[in-house]
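[1] test case, fold it:
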Amino acid sequence: MKNLNIISGFLVLLLLGGLFSCSDDFFDVNESETKPSNMSLPPQQRLMATIDNTTGFGQSRLSREGTVLSYHITERTTYYSRWRWGTVSYAAEQYLYTNALPNTADLIVLGEKYNSPHYSAVGKILRAYLFSMVSDQLGDIIMEDSYNAKDQLILTPKLTSQKDAYAGMHKLIDEALLDFDKPNEIDLNVIGTDVMFQGDITKWKKFAWALKARLLNHMTAKTSGDFKYDPAAVIAACGKAMSSNADNAKREFTGEETQNNIYPWSDTEGGEVEGAFDSRADNWSKFFVDNLKDPLLLNNESVPDPRLPLIVQPALDAELYGLTGLDMYQGVPMGTYRENGFNGVKETVNFVAGDINPFTGEPFEEDITIVMDSTEYFSRGHQYGKPNGLFYTSPNSDWYLITYAECKFIEAEANFRNGDKAAAFAAYKEGINADMTNMGVDAAEIANYMTQVDNIGSANITLERIMTQKHIATVMNPETWVDLRRVEYDNTFTRLKRPQNLNASIFPTSGDEVDGKEVWIRALKYDNRNIERNSANLPDNDDASRFPTRVWWNTPDADDVVDLTK
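    Residues are numbered from 1 along each chain as shown. As a prediction, the model looks like this:
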């Protein structure tokens, strides 16, 4: 998302850790009364900017990597779907530290200054949320030495270990919950800037508990110590989190081209009307589409998911390729995008009036013959559905942070790990129903689908079934890559395969540091400019050091190696 409100102290923060150079659109701003210029503005005039920077410069930018790593989409180039992440300019990291996080710090201090702790609470929740996303991608992060709106800026900040960062996140959440119970002078939505919950404190508290449940559930590899996985604590937190879809933490978009009202994964991303195939989402992955065709893991496609046509468009040239029924919905295998198909052979393609132009997505007005590089033709996605324009990829789509459905799947997993299959199955069913209802699936279709779910029965509930439905319900959310790593990728997701054409020296077919099996991607690299300007405080950042190395929560206790999939 471009065109977001710029923070106070922004120019100073550009000096932090090598975050100086970036793209031209990084400096685009809106002319808005919520655009902060300094700390003299009251908190109600900073609230919308803080929320928008969290969802825009924060989650939106982090999800560009996360949605590929989570096997939801393939991007415009196989470079990313083959886990070849170049981070000379890792915009996600710089946007968080120069835009999103400083806004939360300012809001916390402004809430204190104006005797309005509810604003401080919101700042703390969003701050914990942002720290969690960047830490889950990188591991150790700049946290204790980051801008806090009180102390002098530290230009060569030290990393906070992920373990300590998680302790800090829980502390922020706990403080926020206490702040909401304090006397408060300025109502959160006094000028309509609470664009998340419209001033509903109860919903903000539920969001805080949902985030706590999510963080607690990340500890599935930990069997001892302060962060030992505690399914009972996870379940208890879920009980205080969202209780219906009405509580979903989301940023709504209208689809208009002003005031940050364009959803960032649509084909008009960033407020610029672009081509039909110019969204961040190039195509849906084969793994994701195949799961939507057989979401109950029945090893057949007799019970497809009614969400499939609400998420994935049929192939543009389905008739040309003889694709009918579920075959019209095809996903791209990871790592094969441009090399698959016609293999770059020049060929003559005859189109008749009414055929879809693979370059624009619009019908031809007359018969036409085009000689083209067939790889280019393939790369435009004509064998696959246009990736935009439906529930998750329209200009007016909602941007979800945490939903009721996700909370139910967290609860289902915790109950499953705790040995209570009946409770796990009940939460699993409620999660499916909640997500379908939220997406507007017809009630009769939901009822028919849930009958098929009932046929599975609690005795046959598995971690793979729970995580498959959660994967479907958390589209475009960076949290999904956390899940894939926690459950050890294909150890749980039996249909999942590593991308083709990987760099074998970095991702060999054996030698994982925990189980000795295939090596999968476990973390991303720090922005190389951070290394150049703050090398004394940062670790090795080469591909081989970063990509295969597990983050702290994904590493079993040193003296207690366990099966992470159980």
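[2] now the phi/psi pair for residue 532, please.
    Backbone torsions for residue 532, taken as degrees, to the nearest 10, come to phi -60, psi -40.
[3] how close does it sit to residue 523?
    Distance, residue 532 to residue 523, using CB to CB, to the nearest Å: 20 Å. Quick note: C-beta positions are derived from backbone N, CA and C, even for glycine.
[4] of those two, who's got more company?
    Set residue 532 next to residue 523 and count neighbours by other CB atoms under 10 Å: residue 523 wins out with 20 against 13.
[5] mind listing what that one touches?
    137-139, 546-547, 549-551 (CB atoms under 8 Å, 6 or more residues apart in numbering).
[6] check residue 126 too.
    Residues in contact with residue 126 (CB under 8 Å, 6+ apart) are 50-51, 54, 100, 104, 107.
[7] and of the residues you listed, the nearest to residue 148?
    The nearest member of the contacts of residue 126 to residue 148, counting by CB to CB, is residue 104 at 9.7 Å.
[8] and the pLDDT for the closest one?
    Listed pLDDT for residue 104 reads 97.
[9] so residue 229 sits in a strand?
    No: counting by DSSP: H, G, I helix; E, B strand; the rest coil, residue 229 is not found in a strand; it is coil.
[10] distance of the residue of the chain most remote from its centre from residue 329?
    Here the chain reaches farthest from its C-alpha mean at residue 367, the gap being 42.5 Å by CA atoms, centre = their mean. Distance, residue 367 to residue 329, by CB to CB: 29 Å.
[11] please apply the same query to residue 63.
    Distance from residue 63 to residue 329, counting by CB to CB: 22 Å.
[12] residue 189 too?
    41 Å.
[13] which one of those two is surrounded by more residues?
    Of the pair residue 189 and residue 329, residue 329 is the one with more neighbours under other CB under 10 Å, namely 23 against 16.
[14] correct me, but residue 229 touches residue 220?
    Yes: between residue 229 and residue 220 there is a contact at 5.2 Å, judged by CB atoms under 8 Å.
[15] so what sits against both of those two?
    Shared contacts of residue 229 and residue 220 (CB under 8 Å, 6+ apart): residue 417.
[16] which one of those two has more residues nearby?
    Set residue 229 next to residue 220 and count neighbours by other CB under 10 Å: residue 220 wins out with 23 against 20.
[17] for that one, list the residues it contacts.
    229, 417, 486-487, 564.
[18] measure it to residue 234 for me?
    In this view, residue 220 and residue 234 are 9 Å apart by CB to CB.
[19] ditto for residue 555
    From residue 555 to residue 234 the distance is 19 Å (CB to CB).
[20] then residue 317?
    To residue 234, residue 317 is 46 Å away according to CB to CB.
[21] and residue 506, by the same measure?
    34 Å.
[22] looking at the two, which is more packed in?
    residue 234 (26 against 17).
[23] per-residue pLDDT, the residue nearest to that one when sequence neighbours are not counted?
    Nearest residue to residue 234, sequence neighbours excluded (CB to CB, 6 or more residues apart in numbering): residue 414, at 4.0 Å. Residue 414 carries a pLDDT score of 99 in this model.
[24] hang on, residue 415 in a strand?
    No: counting by three-state DSSP, residue 415 falls outside a strand, being helix.
[25] residues contacting it?
    So residue 415 contacts 231, 235, 421, 423-424, 427 (CB under 8 Å, 6+ apart).
[26] at 6 Å what do you get?
    423-424 (CB atoms under 6 Å, 6 or more residues apart in numbering).
[27] that one and residue 497, how far apart?
    Distance from residue 415 to residue 497, by CB to CB: 29 Å.
[28] same question, residue 215
    29 Å.
[29] compare neighbour counts for these two and give me the winner.
    residue 215 (22 against 16).
[30] that one sits in which helix or strand?
    Using DSSP states H and E, the element containing residue 215 is helix 201-217.
[31] and what of residue 400?
    Assigned by DSSP H and E, residue 400 falls in strand 399-402.
[32] tell me how far the helix holding residue 215 lies from the chain's centre.
    The chain centroid and the centroid of helix 201-217 are separated by 17 Å under CA atoms, centre = their mean, to the nearest Å.
[33] also stretch 176-191?
    29 Å.
[34] need the residues that contact it.
    Residues outside stretch 176-191 that contact it (CB under 6 Å, 6+ apart) are 44, 114-118, 120-121, 124-125, 194, 198-199, 201, 205, 208.
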